[in-house]
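**Student:** Just need the structure, nothing else, for what follows:
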Amino acid sequence: MALSMYEISIPLFIHNFNILSRILLKAEKDAKKRDIDKTVFLNARLAPDMFPLIKQIQIGTDMVRLGIGRLANIKAPSFKDNEITFSDLQTRIKKTITFLKKIKSEHMNDSDIKLIEFSIRKKVFKFNNGYIYLSDWIIPHFFFHMTTTYNILRANGVNLGKRDFVKM
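**Tutor:** The predicted structure follows:
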């Protein structure tokens, strides 16, 4: 029996947003324990041409929220990208999870064969079907930004390990 688009996306994203939330909580506690200004972590980046941690969370939540909204034919809520604290980022993640929990399996019926087209700035993106959009765009982008967040914190000395990332 093949898994539905809902089954391969919504539970995966909710599970991993909860992991991401725990990673951020661990980083916030670490900053307090080591008496490090939390903005050091929030504004840290892996390389000068990469976005800082805050933007990693913003983009990761956007990719999933907007992408699932397109697949489910439901208008996704818009966020202002005005987060400046760990608490703000936790709220953004919680709001994203709340949106995902409102998606029902039937909302995503036939989304695997749906043509997806959207623009980011002046560039138009086209996907021949929703399955390719989910598997080649949404999921990889989400995990890139989640992994980059993890790596930024790890590079700044937060005691994170593989078990923090793949927690069951």
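
**Student:** so where is the chain shaky, pLDDT-wise?
**Tutor:** 168 (pLDDT under 70).

**Student:** And the strands in it?
**Tutor:** 116-120, 123-127 (DSSP state E).

**Student:** In the last one, which residues are buried?
**Tutor:** Translated: strand 123-127. F127 (16 or more other C-beta atoms under 10 Å). Heads up, the C-betas are built off the backbone N, CA and C, glycines and all.

**Student:** Now do that strand: which elements does it pack against?
**Tutor:** strand 116-120 (3 or more C-beta pairs under 8 Å, 6 or more residues apart in numbering; DSSP states H and E).

**Student:** okay, the angle between the strand it packs on and strand 123-127?
**Tutor:** If you take axes from the mean of the first three to the mean of the last three C-alpha atoms, to 10 degrees, strand 116-120 sits at 160 degrees to strand 123-127.

**Student:** Parallel or antiparallel, list what pairs with strand 116-120.
**Tutor:** strand 123-127 (antiparallel) (DSSP bridges).

**Student:** mind saving the C-alpha coords of the partner strand as CSV?
**Tutor:** The C-alpha trace of strand 123-127 is given here as CSV (Å, rounded to 0.1, in the frame of the first residue of the first chain):
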residue,chain,number,x,y,z
LYS,A,123,11.7,33.9,-10.6
VAL,A,124,8.9,31.5,-11.5
PHE,A,125,9.1,27.9,-10.3
LYS,A,126,7.1,25.2,-12.0
PHE,A,127,6.7,21.6,-10.9
